[in-house]
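Q: mind folding the following:
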Amino acid sequence: MEQLIYEELIKEKKRDAKSKGFYESEEFSMILDFTYGAGTLKSGIEAVTGVDPITGRELAPVERILASVGMVFPVVKDLLSCG
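A: Now for the predicted structure:
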């Protein structure tokens with residue numbers, strides 16, 4: 001019984017992965033993370049909401065902290081370089 005449930009979950013996960021397009025994928029989300037401007041905006045959304053806006057995946061607390069750092073670091077860097 002447990003094996004059958006496990007197999008159904010695996011099939012469902014594979015089906016979900018196939019139904020997502022490139023612009024909803026982890027790969028696209030990661031590309032945006034490294035894009036200047038878009039990555040900062042995405043990090044801000046992740047830090048505030050706790051959800052990856054591209055994939056819809058809920059973030060772990062550590063990921064939210066890293067998103068906060070990812071949002072603040074470019075702004076601080078730009079402020080320091082202006083002075």
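
Q: average pLDDT across stretch 25-39?
A: Mean pLDDT, computed over stretch 25-39, is 89.

Q: typed the wrong thing, it's stretch 76-83
A: Averaged over stretch 76-83, pLDDT sits at 78.

Q: so which residue is dead centre in this protein?
A: Compute the mean C-alpha point of the chain, and by CA atoms, centre = their mean the closest residue is residue 52, 3.8 Å away.

Q: quick one, what contacts it?
A: For residue 52, the residues meeting the contact criterion (CB atoms under 8 Å, 6 or more residues apart in numbering) are 29, 46, 59. Yep, even glycine has a C-beta here, placed from its N, CA and C like the rest.

Q: among those residues, who's most crowded?
A: When neighbours are counted by other CB atoms under 10 Å, residue 46 leads the contacts of residue 52 with 24 neighbours.

Q: what's the longest helix in the chain?
A: helix 61-82 (DSSP state H).

Q: on that earlier part again, got the phi and psi for the residue nearest to the centre of the chain?
A: phi -70, psi 120 (degrees, to the nearest 10).

Q: separation between it and residue 82?
A: Remark: distance between residue 52 and residue 82 (CB to CB, to the nearest Å) = 31 Å.

Q: now swap in residue 48 and tell me
A: As judged by CB to CB, residue 48 and residue 82 stand 26 Å apart.
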